[in-house]
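**Student:** Structure, please.
(2 chains)
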2 protein chains.
Amino acid sequence: MEINGKRMMERVRELGEIGKDAEGRRTRLAASDEDKAGRDKVVEWMKDAELKVVVDRIGNIFGIWETEENKEKKPIMIGSHIDSVIDAGQYDGCIGVIGGIEVIKRLQETGVKTERPIVVGVFTNEEGVRYSPDMMGSLVYAGGMDIEKVLKTVGTDGTILGEELKRIGYDGTVEPGFLQPEAFVEYHIEQGPIMDVEGIQIGAVENLQGIHWQRVTIEGAANHAGTTPTKLRVDAGLAAAKVNVFLRNLVEQSGGVATVGTIEFEPNAVNVIPSKAVFTVDLRNPKKEKLDADEKALAEYFKELEETDKVKIITERMTEFDPVLFDEEIVEKIEAAAEKRGLSTKSMTSGAGQDAQMLARICPTAMIFVPSVKGISHNPEEYTPDENVIEGANVFLDVVGELAGEK
Amino acid sequence: MEINGKRMMERVRELGEIGKDAEGRRTRLAASDEDKAGRDKVVEWMKDAELKVVVDRIGNIFGIWETEENKEKKPIMIGSHIDSVIDAGQYDGCIGVIGGIEVIKRLQETGVKTERPIVVGVFTNEEGVRYSPDMMGSLVYAGGMDIEKVLKTVGTDGTILGEELKRIGYDGTVEPGFLQPEAFVEYHIEQGPIMDVEGIQIGAVENLQGIHWQRVTIEGAANHAGTTPTKLRVDAGLAAAKVNVFLRNLVEQSGGVATVGTIEFEPNAVNVIPSKAVFTVDLRNPKKEKLDADEKALAEYFKELEETDKVKIITERMTEFDPVLFDEEIVEKIEAAAEKRGLSTKSMTSGAGQDAQMLARICPTAMIFVPSVKGISHNPEEYTPDENVIEGANVFLDVVGELAGEK
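**Tutor:** So this is what the prediction gives:
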């Protein structure tokens, strides 16, 4: 059995046209007019597949395929998100939603019946660009945040999330978490370069990196760059540089990744030694004990630097997500399905945050990845060839069919 | 023989009051109304010492003490500058000008005659804040820049230097360089911490560091901080950090100093690997061959980084001044004079640029330093105790008297 690749790709492109501005930049921020247009289109496709459409209080949309025979059983949930970053690509999130509808549609068309209902979820505000935090809809669905509080979230544009959901007509009445899934599977692009570089067609995502963000402030002393001898310098900029070099060595040992993505010096003058360096550290590792060990080693290095470089170091926690371990059995099913179709596959780690990491709190969960050319994402250059998208959707079809109990 | 310490310090404070704004911030930018007020005060003191006042075309002021007997001989020139940075201290430059007038005044009061004339020079725009380059007046005087071109310099406020000099009445008619000095001595604060830390009273400045500035642009690739494995990263920010650490090791070997004072990342986002890092390198060394060797080693390191880190590195020259070697004999006279007065002394390097470095192009030159408490300068906290200022002025008196041939 195969999904309808032509229909699938037409829908990817149709949704991809929604939210483009005059310059052709694609942007569908959560609960915006553009998001509403995307949601309306998805609901239209759900209705075309005769799904029962339910919207919960955080605006998550669910398309439910159930029968009189299976409606008492816990459903298999699939899906992703359709909100986007600013000037986005067309694959991130969308192939998981469109692929989910396609899987059900194809099962219906071929007359397959399943032992469990299948539900396609479209989760609100995965990107977190307009409202913080990201992965909001799935986090709320999994019981990780209080719905009353979340609806009062103020956006970067001063809007209130609850009011905006109401304005676009997606302020549902059902409580998030109303359906307890038997399992959750998300189909997504990798958003990284590994599969493209290694020539892998199907990623069986076994875990998701933990993410620790901190803001680091190093205080030194602003002195004349010419008249201050090396031994009398307290150079905040140099200390920051040492941290960056230290981090690279650290993660080369631990197998994680580390990024100093932002930096600022004060007074930021050519001939004045920096009195202050403020920068961010993004530290990730799929293993919690390694992530914690790296962070501890970094904290010890800060203490060492305070001694050797005479600086003062202040750290501030920005984000802390533990690593997520996905369900081994589903991961094995993904690999087996890929192999059966003659596709190259490997078990891998999600470097990015995902709705699946939230659903993993309430049911066995895993993800299917297809390659991102050159690893580019969150950018109009984001690209996955049609062939790869269709291959991934076929594996998705196989795995969901198996989990739901094809009859 | 002693200078009149009370008069000297009163004048330092009197000039220090000129150019203060409503908030008490002291600023006398070159050729501004505040600079004019300072110049008028200095000319008043020159006339009080019966000096012949001559202004050259770049606005340098000279107070000439000559007699019928010595006027045919080449003069000893002394002096410094009275223009300031924004929100400045009261010592930088000013003690050299006031001290110079005081030296002549004191020689006159004690009935000393000299074999050579003595001339106090006040050089235009040493700080270079309003008009570029710095040390402009002394550079033009030493023949290093074309006067016609310099007078057309456009300031940061859009003004033309020549027009501003005319407006404040300091557009002289005499050609710069009209007096060929026999020697030049500049009395100045250290503007660095070495003398304060080591408890030295008199610095005999034997050389001045060469200064090389460059702007460095490192180009990497902006990729997702979570999904891009370490081995596939091209991190421009990390490469910039490595350069900063390399520079510190480099100057610890060569005896110079290095500063990365400014930095900027693009896109400067927490979870995006920097695609670009732009920063400045301020590299100094008192020895030309060492400065050149350091710069060569840095260029080689850039090539190495392009290989190892896969980045692209572009450098742009901003400033290049060779080191200056001062006159050994005058330096020895300064040390001898200090010792004779029972003052601690050491031969040292000027870390900052000075008018004396330009005068050294046309005659034997040296400088006398007194300590800056905590090395602070270009700041209202700039401070040298009266005792130190007076001690330095007495050594200045001794050295100038000797050079001019006291009778």
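**Student:** can you count the residues close to A:Val154?
**Tutor:** 11 (other Cβ atoms under 10 Å in any protein chain shown). Bear in mind the C-beta positions are built from the backbone N, C-alpha and C, glycine included.
**Student:** Who are the contact partners of the residue in the stretch 51-200 of chain A positioned nearest to chain B?
**Tutor:** Using Cβ to the nearest Cβ, A:Gly192 is the residue of the stretch 51-200 of chain A that sits closest to chain B, at 2.7 Å. By Cβ atoms under 8 Å, 6 or more residues apart in numbering or on different chains, the contact set of A:Gly192 is A:351-352, A:372, A:375, A:377, B:223-224, B:226-229.
**Student:** switch the cut-off to 6 Å
**Tutor:** When the contact criterion is Cβ atoms under 6 Å, 6 or more residues apart in numbering or on different chains, the partners of A:Gly192 are A:351, A:375, B:227-228.
**Student:** what's the answer for A:Asp171, then?
**Tutor:** Neighbour list for A:Asp171: A:Leu165 [criterion: Cβ under 6 Å, 6+ apart].
**Student:** what bridges to the closest residue to A:Gly100 other than its chain neighbours?
**Tutor:** In space, A:Gly100 comes closest to A:Val120 once its chain neighbours are excluded; the distance is 3.8 Å by Cβ to Cβ, 6 or more residues apart in numbering or on different chains. Here A:Val120 sits in beta bridges with A:Gly63, A:Ile78, going by DSSP bridges.
**Student:** so A:Val120 sits right up against A:Gly79, yeah?
**Tutor:** Yes. Because the distance of 4.7 Å satisfies Cβ atoms under 6 Å, A:Val120 is recorded as touching A:Gly79.
**Student:** quick one, phi psi at A:Pro364?
**Tutor:** When quoted as degrees, to the nearest 10, the phi and psi of A:Pro364 stand at phi -60, psi 130.
**Student:** which ones are touching it?
**Tutor:** For A:Pro364, the contact set (Cβ under 6 Å, 6+ apart) comprises A:183, A:327, A:330.
**Student:** the helices in chain A, which residues?
**Tutor:** Along chain A, the segments classed as helices by DSSP state H run A:5-17, A:33-48, A:94-109, A:136-141, A:147-151, A:161-167, A:194-198, A:236-254, A:288-308, A:328-340, A:355-359, A:386-404.
**Student:** residues near the closest residue to A:Leu151 other than its chain neighbours, how many?
**Tutor:** In space, and not counting its chain neighbours, A:Leu151 is closest to A:Gly162: 3.4 Å by Cβ to Cβ, 6+ apart. Residues lying near A:Gly162 (other Cβ under 10 Å) number 19.
**Student:** Look up the pLDDT of A:Gly162 for me, please.
**Tutor:** A:Gly162 is assigned a pLDDT of 98 by the prediction.
**Student:** my guess is it meets A:Val150, correct?
**Tutor:** No. With contacts defined as Cβ under 6 Å, A:Gly162 does not count as touching A:Val150, sitting 8.2 Å away.
**Student:** Tell me how chain A divides into domains.
**Tutor:** Taking automatic domain parsing as the criterion, chain A consists of the domains A:5-208+A:323-404, A:210-321.
**Student:** Can you tell me which of the ones you listed is nearest to B:Gly256?
**Tutor:** domain A:210-321 (8.5 Å; Cβ to Cβ).
**Student:** show me what contacts the residue nearest to A:Gly100?
**Tutor:** In this structure, A:Val120 makes contact with A:63, A:78-79, A:100-101, judged by Cβ under 6 Å, 6+ apart.
**Student:** Next: A:Ala356.
**Tutor:** By Cβ under 6 Å, 6+ apart, the contact set of A:Ala356 is A:186, A:365, A:367.
**Student:** Once you drop chain neighbours, what's closest to the last one?
**Tutor:** Meaning A:Met367. Distance criterion Cβ to Cβ, 6+ apart; nearest residue to A:Met367, sequence neighbours excluded, is A:Val205 at 3.7 Å.
**Student:** if I look at the one you found, how far off is chain B?
**Tutor:** As judged by Cβ to the nearest Cβ, to the nearest Å, A:Val205 and chain B stand 12 Å apart.
**Student:** and that residue, how far is that from A:Glu335?
**Tutor:** 11 Å (Cβ to Cβ, to the nearest Å).
**Student:** Between the two, which has more neighbouring residues?
**Tutor:** Regarding A:Val205 and A:Glu335, a neighbour count based on other Cβ under 10 Å identifies A:Val205 as having more, with 25 against 20.
**Student:** got a winner among the contacts of A:Ala356 for most neighbours?
**Tutor:** In terms of neighbours by other Cβ under 10 Å, the contacts of A:Ala356 top out with A:Glu186 at 32 neighbours.
**Student:** State the distance from that residue to A:Val324.
**Tutor:** Taking Cβ to Cβ as the measure, A:Glu186 and A:Val324 are separated by 12 Å.
**Student:** If we go by neighbour counts, what in stretch A:34-53 is buried?
**Tutor:** By neighbour count with 16 or more other Cβ atoms under 10 Å in any protein chain shown, stretch A:34-53 contains the buried residues A:34-36, A:38-39, A:41-43, A:45-46, A:49, A:51, A:53.
**Student:** Can you name the residues of the stretch 151-300 of chain A that neighbour chain B?
**Tutor:** Selection of the stretch 151-300 of chain A residues close to chain B by Cβ under 6 Å from any Cβ of the partner chain yields A:191-193, A:224-228, A:230, A:232, A:237-238, A:241, A:244-245, A:248, A:257, A:259-263, A:265, A:268-273, A:280, A:282, A:284.
**Student:** Just the buried subset of the residues you listed, please.
**Tutor:** For these, a burial check counting by 16+ other Cβ under 10 Å picks out A:191-193, A:224-228, A:232, A:237-238, A:241, A:244-245, A:248, A:257, A:259-263, A:265, A:268-273, A:280, A:282, A:284.
**Student:** Those in strands, which ones?
**Tutor:** Counted as lying in strands by DSSP state E, out of those, are A:257, A:259, A:263, A:265, A:280, A:282, A:284.
**Student:** Export those to a markdown table and append columns for pLDDT.
**Tutor:** Rendered in a markdown table, the data for those read as follows (pLDDT from 0 to 100):
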| residue | pLDDT |
| --- | --- |
| A:Val257 | 97 |
| A:Thr259 | 97 |
| A:Ile263 | 98 |
| A:Phe265 | 97 |
| A:Thr280 | 96 |
| A:Asp282 | 96 |
| A:Arg284 | 96 |
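**Student:** Turn these into JSON lines, columns for distance to A:Val197.
**Tutor:** Listed next are these as JSON lines, based on distance: Cβ to Cβ, whole Å:
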{"residue": "A:Val257", "distance to A:Val197": "15"}
{"residue": "A:Thr259", "distance to A:Val197": "19"}
{"residue": "A:Ile263", "distance to A:Val197": "28"}
{"residue": "A:Phe265", "distance to A:Val197": "35"}
{"residue": "A:Thr280", "distance to A:Val197": "27"}
{"residue": "A:Asp282", "distance to A:Val197": "21"}
{"residue": "A:Arg284", "distance to A:Val197": "19"}
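**Student:** quick check, nearest of these to B:Lys73?
**Tutor:** Scanning those for proximity to B:Lys73, where the rule is Cβ to Cβ, the winner is A:Phe265, at 52.4 Å.
**Student:** List the contacts of the residue of the stretch 201-350 of chain A found nearest chain B.
**Tutor:** For the stretch 201-350 of chain A, the residue closest to chain B is A:Thr227, as judged by Cβ to the nearest Cβ, at 2.7 Å. By Cβ under 6 Å, 6+ apart, the contact set of A:Thr227 is B:191-192, B:351-352.
**Student:** one step back: please enumerate the shared neighbours of A:Val120 and A:Gly79.
**Tutor:** Where contact means Cβ under 6 Å, 6+ apart, the residues bridging A:Val120 and A:Gly79 through contact with each are A:Gly100.
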